[in-house]
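**Student:** Just need the structure, nothing else, for what follows:
(chains A, B and C)
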Amino acid sequence: MNPLADVVTPSPLVLDGLVVGAILFALGVVGILARRNLIVMFLCAELMLQGISVSLVSWSRHHGDWGGHVLVIFVLTVAACEAAVALVFVLQAFARTGRLDSAAWQSLRESNLSRTIDHELPAIDTVPLKFPKLSPAGVEPAADEDAALEREHV
Amino acid sequence: MIASILPSISPGTLLAGGVTATAASLWLLLPGGRSGAADRTARRLGWLIGIVALASFIATGHRLGNVGEEAVFLTVALVAVISGAATVVSRSPVYAAIWFAMALAGVSGVLLVLGGQFLGVATIVVYAGAILVMFLFVLMLAQPAGLAPYDRVSNEPLLAAVAGAVLLGILSLSIGRLTAEPPACCLMGGTKAALLADSPAAEPAAAAGIDMLADNHVARLGGELFGRHLLAVEVAGVLLLVALIGSIAIVSRGAADAESAAARRAMP
Amino acid sequence: MNDLSPSTLLVLVPLLPLVGAILTVALGRVLGPRAHLPAIAGIAAAFVVAVMLLTGMAREVGVGTTGHDHAAKPVEMVTTLWEWATVGDAAATGDAGSAARSFSIPVALRLDPLTATLLVIITGVGLLVAIYSIGYMHDDPGYPRFFALVSVFVFSMSMLVMASNFLLVYVFWEAVGACSYLLIGFWFTKPEAAKAAKKAFLVNRIGDFGLAVATFLLWMTYGTLNFHDTTLADGTLVPGILGATRLADASAYVGGVVGTAICLLFLLAACGKSAQLPLHVWLPDAMEGPTPASSLIHAATMVTAGIYLVARTAPLFEACPGALTLVSIVGATTALVAALIGTVQNDLKRVLAYSTISQLGYMFASLGTGTLLGFTAAIFHLVTHAFFKALLFMGAGSVMHSMGGVIDMRRFGGLRRIMPITATTFLIGSLALAGVAPFAGFFSKDEILASLHSRGWPDAHGEHHEAAPAGGHAATATPFHLAFHVASVTPDAAQLAGGTRGSALDALNAPATWRLLFWMSLVTAALTAFYTFRAVFMTFTGPTRVPEEAGHHAHESPPSMTIPLVILAALAAVSGWWLFSTHSLASFLASTPSFTAPSVASTATPPAFHWDLAIQGTLAAAIGIVVAALGHLGRRSDGPQMERFLGPLETLFANRFFFDQIYSALIVKPLELIATLAALVDRHVIDGLVDAIARVPAGLGAVVRHLQSGLVQRYALAGVIGTLLIVLALVARAMG
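**Tutor:** Numbering: from 1, shown residues only, chains lettered A, B, ... in the order given. Got it, this is the predicted structure:
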């Protein structure tokens, strides 16, 4: 490793890459801190990891060796393991509380504080989704009224 | 090109403006508190200010060599960043997952531009192909119909937005100062020019670029991986195995716990 | 006996009762009903030693062997036991002016005629009281404690009269006050006794404060606190306040404002200890204590400490004639007021208590005349009073013991048939108290009246102003020779010292004042006879009535109680006549160094018996006895009392001139108010402040506690913000 490599100014491509990585990382931080849905929180964590990956590859290009790439490969590996285990935990959490809310888990607070609850919830502001209707092809299967009612829209 | 339009604004001011705009736009965009028309207005305003912030970051950015390279990089970078922002602020978690897929595409493009050919593809394969699908399965199992109440509010949106914006500002500042004269402690008692003149090696970046952009990129990467980092590779394999076993163990115990709890409830 | 040097004997007098007290405390439980033995042995041995010292001193003074035509020379013997404290070394500083500034307190004892007299009284009466207590305190559970306290008291009082240093006097002044407190509150489980003990101690404290400030002023004025002359290591002579050097110099005593202040403070101290107006309120309440304690302390010895103090500091008082006059005024007024109050008391011990206050007032009146006759008369009356008042108190105790604790005279009568010895001795004591010839009180009271008369009508006693002839001869060889240092005093030409250095009080020193005081004293004599015989008639004459508390007690007291009564009665009968006719006491006391100062010695008069005053005194006593007999003798002893003639005055006397009520309103209630305020401040302000300080961390915690909300995202947010702040700080520092 040439120690003088640190002295050299990074090229503009590398610098731009670093900026993109920084932006992605910052967005991920905001998401993790702000969003309440556990799944969205994990998505933002993955976004942070993406930002890290971009930065690492940029530095790898600057230094001219494979170190950054190798590290990103391991980041990838660990992210996969983390996602697997974490999603199992999310499902366990859902089984216990019935929702994917990070604020459902507050019992480790000071004993004389009360639960933080949402006082004002904004109304659902979505236009009802219109799903396309496909014209039926072939023999229409026997429709099960109960099943149709029970299916939940995602 | 944008820098030519705004020649009079100093980089410091641009950076500060960009940070402020980022904070404002994120705060407006994050879900919370508002309903109906106010919510819609806030979102639109948020995106607008977000564009302005992006513009300022682009203005402080650096110009690449040729227009083509610059256009490609800008495109994929914008896709990545805007999709990432959309991931963070989407009300519906499914939409957030879809936007995340877009962000992955953008990131993959950036990686390819930076010369990480294997990683660009691996990102798509592993993340979008495996991890994202897993997320969608969980959402299918756990998310109630419609927007859950906890999707419509955020946890301290203002503080989070400000924190994120400040973080971004610091990082940008640091990146910006990479072009400046390095501090004395790194020069080891000489000036940068003198050191460069004495150094026997040529521009390492050019050499590295050639190395990275070679045709047998994957083979070289593989050789590096299984050469110098063999132990880490093996450990990563073990880690994958452990994660696999662990997930199954937790799920099975959870099932057993639920069964015993149900059995206890059923007993008279 | 010859190998016992006088200084050893001097140390033995306080030491033996102290050892007795320690042994009583240590062995009290073991000895059980014989717990009195160490105490009585100690006091008896001390008495023997005191008598030896008295006879030795009398021989040295030459009592009875020489005529009365030579000036009395001061006789004293000083023994220094050890140096208690020394501050500052004048020799080291080398500054001659600071020789008087170095402060040293030797534990020194001084024997002179006044001390010897008082020592015999203290140990003698103490011994008789201790013997009496064997019978009186017989069944009391605190038997050993009583004797230990009596022994400690005898020790303290002996040291007080022997101390040769004002600081030592103060120490033992306080010590006798403490013994008094412990003895008044002997039955401390009784609330009245505890309150009375507290009251006595607190009122005494006011006097003690006076003594303390006087000690400070003495130190500042005279540069030393010793009575005797001391010599420093480098040979400088530090003249003691009552040492031979200063006594020889007529102008050595400071008058004016400082001198008067010192004397008034001494008077305050004496008022506190000897229960004079306005600090007399504790003595009647002190009757809650056991009667032997009252007899010893509140009749014969402790209350005489004030008399002793004024007599000892006679030269200082002589420099401030105004203060002297004030002493007499206080004394005579107290005597009159106490006598008036005593006329309507129904409690036998209270009558005797007020009688004590009254007689002490007489002594102060006599001291305040400032003449040698006045001083010696006061001491003479002190001696005789010790005898008959102790006798009367012990008689009252005998009555109380027989009547099962009842001492209200209205509830019993005619006890002379049941208790003949007590009745006879009580009668002898009453005759002495009333001043009937030839009993003791007659002579001493006559001398007091004479001294007052001499100031009121100075022309009739013209021989006052002659200077005593110059004299002084070498000490003859006696066993005490080596220990004495006798200075030959040459009194100067007659000058009533301090006449030129007066203060504002000197305006009181007019013959008119003295005449008024004389008439007051005469009226008081009549009243004394009245209330004394009223008590005698109500108790011992008339039909025999015994209250039911007496039970089987209603008989004469055991010999341990009656023998001291008889001894004291004999003394009360003959001592006055004997001491007066031989003039032994007067000439003996004249050799006391304090009384050989020119200011005192120049007022010496040849001893004479004043017939006119004797007749006046006897007449007053006779009037009092007759009026008492008219009201209370015989069949009328339980009948209507003389008081009904007093009308509204009776309320005034019965309420003790409302002194207690006035003090309560003026002093006690405001102090209680201040105490309540202080308690409120303590509880709410000071404790409140501390509590408020304690609440600060709790308050801070309550505020900070909200950070621990249980929401993990907020924790993460806090962490991110903290990290950003640190990084911002670093960036700012790096950017300059």
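**Student:** ok, stretch A:130-144 near chain B or not?
**Tutor:** No: figure legend: stretch A:130-144 not in contact with chain B (Cβ under 8 Å from any Cβ of the partner chain); closest approach 13.4 Å. Any C-beta I mention is one placed from the backbone N, CA and C, and that applies to glycine too.
**Student:** Extract the CA atoms of that stretch and return them as PDB.
**Tutor:** Extracted in PDB, the C-alpha atoms of stretch A:130-144 (Å, rounded to 0.1, in the frame of the first residue of the first chain):
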ATOM      1  CA  LYS A 130     -59.200   0.900  -7.900                       C
ATOM      2  CA  PHE A 131     -57.800  -2.300  -9.000                       C
ATOM      3  CA  PRO A 132     -58.000  -3.200 -12.600                       C
ATOM      4  CA  LYS A 133     -60.600  -5.600 -13.500                       C
ATOM      5  CA  LEU A 134     -59.500  -8.300 -15.900                       C
ATOM      6  CA  SER A 135     -61.900  -9.800 -18.200                       C
ATOM      7  CA  PRO A 136     -62.300 -13.400 -17.300                       C
ATOM      8  CA  ALA A 137     -60.700 -16.000 -19.500                       C
ATOM      9  CA  GLY A 138     -61.800 -19.600 -19.500                       C
ATOM     10  CA  VAL A 139     -64.200 -21.100 -17.100                       C
ATOM     11  CA  GLU A 140     -65.000 -18.900 -14.200                       C
ATOM     12  CA  PRO A 141     -64.300 -20.900 -11.000                       C
ATOM     13  CA  ALA A 142     -67.000 -21.200  -8.400                       C
ATOM     14  CA  ALA A 143     -66.800 -18.000  -6.400                       C
ATOM     15  CA  ASP A 144     -66.600 -18.400  -2.700                       C
END
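**Student:** Any buried residues in that stretch, and which?
**Tutor:** Neighbour counts over stretch A:130-144 (16 or more other Cβ atoms under 10 Å in any protein chain shown) mark no residue as buried.
**Student:** next one: stretch B:242-256
**Tutor:** For stretch B:242-256, by 16+ other Cβ under 10 Å, it's B:243, B:247, B:254.
**Student:** gap between it and the chain center?
**Tutor:** In terms of Cα atoms, centre = their mean, to the nearest Å, the gap separating the centre of stretch B:242-256 from the centre of its chain is 30 Å.
**Student:** Same check on stretch C:152-165?
**Tutor:** For stretch C:152-165, the separation from the chain centroid amounts to 12 Å (computed by Cα atoms, centre = their mean).
**Student:** Out of the buried residues of stretch B:242-256, the closest to chain C would be?
**Tutor:** residue B:254 (20.8 Å; Cβ to the nearest Cβ).
**Student:** packing partners for the strand or helix carrying the closest one?
**Tutor:** Assessed by DSSP states H and E, residue B:254 sits inside helix B:230-266. Secondary-structure packing of helix B:230-266 (3 or more Cβ pairs under 8 Å, 6 or more residues apart in numbering or on different chains; DSSP states H and E): helix A:67-97.
**Student:** Next, the angle from the helix it packs on to helix B:230-266.
**Tutor:** Orientation of helix A:67-97 against helix B:230-266 (axes from the mean of the first three to the mean of the last three Cα atoms, to 10 degrees) gives an angle of 0 degrees.
**Student:** which helices and strands does helix A:67-97 pack with?
**Tutor:** Packing partners of helix A:67-97 (3+ Cβ pairs under 8 Å, 6+ apart): helix A:38-63, helix B:117-122, helix B:132-142, helix B:217-228, helix B:230-266.
**Student:** Off-centre distance for the helix or strand of chain A with the lowest mean pLDDT?
**Tutor:** Between all helices and strands in chain A, the lowest mean by mean pLDDT, DSSP states H and E belongs to helix A:145-150, at a mean of 71. Relative to the centre of its chain, helix A:145-150 is centred 32 Å away, using Cα atoms, centre = their mean.
**Student:** What of stretch B:114-126?
**Tutor:** That offset, for stretch B:114-126, works out to 14 Å (Cα atoms, centre = their mean).
**Student:** Now that stretch: buried residues?
**Tutor:** So stretch B:114-126, judged by 16+ other Cβ under 10 Å, has buried residues B:114, B:115, B:116, B:117, B:118, B:119, B:120, B:122, B:123, B:124, B:126.
**Student:** Many thanks, I have nothing further to ask.
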